[in-house]
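Trainee: sharing a model that was predicted from the sequence below.
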Amino acid sequence: MLLFGRKLVPRWAHFVAALMVALGTLFSTFWILAANSWMQTPAGYEIIDGRFFPTDWLAIIFSPSFPYRLAHTVVGFYATTGFVVLGVAAYLIRRRDFIAEGRVMLSMTLWLLSVLVPLQIFLGDQHGLNTLEYQPAKLAAIEAHWDTARRVPLILFAIPDQKNATNHFVIKVPLFGSLILAHSLDGEIKGLKDFPAQDRAPVAIPFFAFRIMVGIGLLMLGLVMAGGWLRFRGRLFDSPWFLHACLGMAPLGFVAVLAGWTTTEVGRQPWTVYGLLRTADSVSPSLTGADVLISLLGYMAVYLIIFPAGIFVMMRLVRKGPAATDVSDPVESGRPRQPITVQLQSESEA
Amino acid sequence: MSAALDFVPVWTVILGAGVFFYVVLDGFDLGVGILYGFEPDVGSRNIVMNAIAPIWDGNETWLVLGGVGLLAAFPLAFAIIVPAVYFPILVMLLALVFRGVAFEFRYRDVEHKTFWDHGFNYGSVIATAAQGVTLGAFIQGFKVEGRQFTGSAFDFLTPFSLLTGLALIFGYGLLGAGWLILKTEGDIQARARRHGRNCLIGVLLGIAAVSVWTPLIDADIAHRWLSWPNIALFSPVPIATALVAFGIWKALHGSSQSGTFAGAIGLFALSYLGIVISLWPMIVPHKYSLWDAASSPSTQAFLMVGTLFLLPVILVYTSWSYWVFRGKVRADVGYH
């Protein structure tokens, strides 16, 4: 209805369809993250004969990490999309043929991101406190803390050494670890040595993934603040460096989301259901390594075609600009015209 | 676990109906994709694709409902069946990905239109074959010990499952032809009638082969159909199948616009009924019944609340979209 029904249904019905698409997507996000969060911080269950049975559905859905994960993920998705729109807006303004549209896009999106980016950093911080409480081994892996201590430093960079349970080439800021992670200079942070070696995540992956995510978050904050300053000075649309930066930042939201998920999913290893079911014990017994390899190659082959093609198609849409892609009359004689359209014909003849 | 509130029958109906909706609805749009390869020029391909473009992805809602419903309501069956048909399911999903993006990419990426045309066509054929193979493997049953599938990921590949894979291509092709007859006119409709005839012959041969083959390889199924009084009770099924097949043949040759599609749905309903008669009440054939495989009553009850709210919503918006996009897909006015 949203894609093809614009001329077939009343305007309000088309608008409702758009809202339903957004609402449906949020619903599915809600339930997917409820399931994921339960596996991270299980609650409301009992185990009979080695199988999980539900005892309290509200506790299962609203497991301890769920509200934080849901908020952090949804705001992350909106911010990611926001930066794409910001980048496209900057591109259109720089190219000078859709300046009016580009300015509206840039201005509105920047207002939105001025709220979302600080909010996201706040939510991430709250999510971190939650992880400290419920998944201390994951937090220790993220921070590459091996020894339990108070007044711990913030490690900016290090090469974690899993085998010897230590770090090399450490760059750190004293006391800031406790301050940021526990919100107290005297806060105790559990170290990985408190957990048996086989219960530790592969430290380097969550450690670096987390730093990539936070680094991008700080870059985003910097860009939003610079945008706010430029708006205040009335130079929002004609600072070439700012437009350039917006363009460069456009894909970084995706990287941050992927890095964030890598942090949380690798950080919870070796558990599928945290503390209860190991990943190694969750594998289907009949599945062999060769089966998995074949299927992985299959996925790679398909995505290696689909993703570049998708990026190519999206780039082309951006390059055409808003006027050219606005098929003002997508429906003819009560029938959907896409994917036919006159445009396609003129293109294939050109 | 008292038997006071037994949700298994309700879940059986929901899943059973969901799978049937999926087979019919995505069946016809996969079938349109199968016949798409026979369209000779860009113009007719555009119209054929437009006959399903606004509705096809809604049809795949039912695949998600079926998969997640099986996981949640009958987790034991899910845990055994999905590893056993790992590769057909994987191939089906990858083929559906290809086919799905082709709608948009074909139109946006005109330089590689032929590539996406093939992606749409082959994707439809492969996804259909994979579903048919899955069905065949399911009917044959799986190696099970305790609560686990213990065979190999290639057990699905048998002459029987290849037959069902091929038969389903003809079956979906027939549904697709029925849909195209309903939605198009002129040359495209005439071609759909011709392909419909071939598909009808193919699917009838498939149904006949499966009907003879299953009682031969499975004594339980033979006993279910051929013992007295079952043989009398169930004999209307093959008789009705023959009558419906004759009706479709007439509709294909006459001027009926909707007869083929309605008949094809009838043919699928009867085949589905035949499979249910053969396997009832097992959800993992020969091994676990629907009641064995069910999740706890608390889980089934909880899911029921959400499902009873969502199902009417899905049915309403699906019907609404079919209503909005009703009627013939005409040649594009601006198309010269």
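Mentor: Nice, I can see it.

Trainee: where's residue 247, which helix or strand?
Mentor: Using chain A here. For residue A:247, the host element (DSSP states H and E) is helix A:240-249.

Trainee: actually, chain B is the one I wanted.
Mentor: helix B:236-253.

Trainee: now for the following helix or strand past that helix, which elements pack on it?
Mentor: Counting by DSSP H and E, the element after helix B:236-253 in chain order, helix or strand, is helix B:259-279. Contacts defined by 3 or more CB pairs under 8 Å, 6 or more residues apart in numbering or on different chains; DSSP states H and E place helix B:259-279 against helix B:8-36, helix B:113-140, helix B:159-183, helix B:186-217, helix B:219-226, helix B:236-253. The C-beta positions use only the backbone N, C-alpha and C, and glycine is treated the same way.

Trainee: quick check: buried residues in helix B:259-279?
Mentor: Neighbour-count burial for helix B:259-279, counted by 16 or more other CB atoms under 10 Å in any protein chain shown, picks out B:259-271, B:273-274, B:278-279.

Trainee: what do you get for stretch B:52-61?
Mentor: In stretch B:52-61, counting by 16+ other CB under 10 Å, buried: B:52-56, B:58-61.

Trainee: would you mind listing what in the stretch 1-150 of chain B touches chain A?
Mentor: B:42, B:46-47, B:49-50, B:53-54, B:79, B:82-84, B:86-87, B:90-91, B:94, B:97-98, B:101, B:103-110, B:112-113, B:148-150 (CB under 8 Å from any CB of the partner chain).

Trainee: pull out the buried members of these.
Mentor: B:46-47, B:49-50, B:53-54, B:79, B:83-84, B:86-87, B:90-91, B:94, B:97-98, B:101, B:103-110, B:113, B:149.

Trainee: and the contacts of stretch B:194-202?
Mentor: B:31, B:35, B:38, B:166-167, B:169-171, B:173-174, B:177-178, B:181, B:245, B:248-249, B:252-253, B:260 (CB atoms under 8 Å, 6 or more residues apart in numbering or on different chains).

Trainee: please save the CA atoms from it in PDB.
Mentor: Included here for stretch B:194-202 are C-alpha records, laid out as PDB according to Å, rounded to 0.1, in the frame of the first residue of the first chain:
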ATOM      1  CA  ARG B 194      -1.100 -22.900 -22.600                       C
ATOM      2  CA  HIS B 195       1.400 -23.100 -19.800                       C
ATOM      3  CA  GLY B 196      -1.400 -23.900 -17.400                       C
ATOM      4  CA  ARG B 197      -2.300 -27.000 -19.400                       C
ATOM      5  CA  ASN B 198       1.300 -28.300 -19.300                       C
ATOM      6  CA  CYS B 199       1.500 -27.600 -15.600                       C
ATOM      7  CA  LEU B 200      -1.800 -29.300 -14.900                       C
ATOM      8  CA  ILE B 201      -0.600 -32.500 -16.700                       C
ATOM      9  CA  GLY B 202       2.700 -32.300 -14.800                       C
END
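
Trainee: so residue B:274 sits right up against residue B:235, yeah?
Mentor: No - here residue B:274 lies out of contact with residue B:235, judged by CB atoms under 8 Å, at a distance of 11.7 Å.

Trainee: do you know the pLDDT at residue A:122?
Mentor: Confidence at residue A:122, expressed as pLDDT, is 92.

Trainee: in the stretch 151-300 of chain B, what residue comes closest to chain A?
Mentor: Here the residue of the stretch 151-300 of chain B nearest chain A is residue B:153; by CB to the nearest CB that distance is 4.5 Å.

Trainee: likewise for the stretch 1-150 of chain B?
Mentor: Closest point on the stretch 1-150 of chain B to chain A, by CB to the nearest CB, is residue B:107, at 3.4 Å.

Trainee: and that residue, what element?
Mentor: Going by DSSP H and E, residue B:107 is part of helix B:86-108.

Trainee: centre of the chain versus that helix, how much separation?
Mentor: 16 Å (CA atoms, centre = their mean, to the nearest Å).

Trainee: okay, the angle between it and helix B:159-183?
Mentor: 30 degrees (axes from the mean of the first three to the mean of the last three CA atoms, to 10 degrees).

Trainee: from residue A:29, how far off is the spatially most central residue of chain A?
Mentor: Nearest to the geometric centre of chain A sits residue A:257, at 2.4 Å (CA atoms, centre = their mean). Per CB to CB, to the nearest Å, residue A:257 is found 12 Å from residue A:29.

Trainee: do residue B:13 as well
Mentor: 29 Å.

Trainee: who has more neighbours, the two?
Mentor: residue A:29 (14 against 10; other CB atoms under 10 Å in any protein chain shown).

Trainee: list the contacts of that one.
Mentor: When contacts are counted by CB under 8 Å, 6+ apart, residue A:29 touches A:70, A:73-74, A:77.

Trainee: helix, strand or coil for it?
Mentor: Recorded secondary structure, residue A:29: helix (DSSP: H, G, I helix; E, B strand; the rest coil).

Trainee: now list whatever residues contact both of residue A:257 and residue A:29.
Mentor: Both residue A:257 and residue A:29 are in contact with residue A:77, where contact means CB under 8 Å, 6+ apart.

Trainee: can you confirm residue A:46 is in a helix?
Mentor: No - using three-state DSSP, the assignment for residue A:46 is strand, not a helix.

Trainee: quick one: it and residue A:59 touch, right?
Mentor: No - here residue A:46 does not reach residue A:59: they are 11.4 Å apart, not a contact under CB under 8 Å.

Trainee: and residue B:305, how many neighbours?
Mentor: For residue B:305, using other CB under 10 Å, the count is 10.

Trainee: quick check: the gap between it and chain A.
Mentor: Residue B:305 is 10 Å from chain A, where distance means CB to the nearest CB, to the nearest Å.

Trainee: in a helix, that residue, correct?
Mentor: Yes - under three-state DSSP, residue B:305 falls within a helix.

Trainee: now for residue A:56, how many residues are close by?
Mentor: Neighbour tally, residue A:56, other CB under 10 Å: 13.
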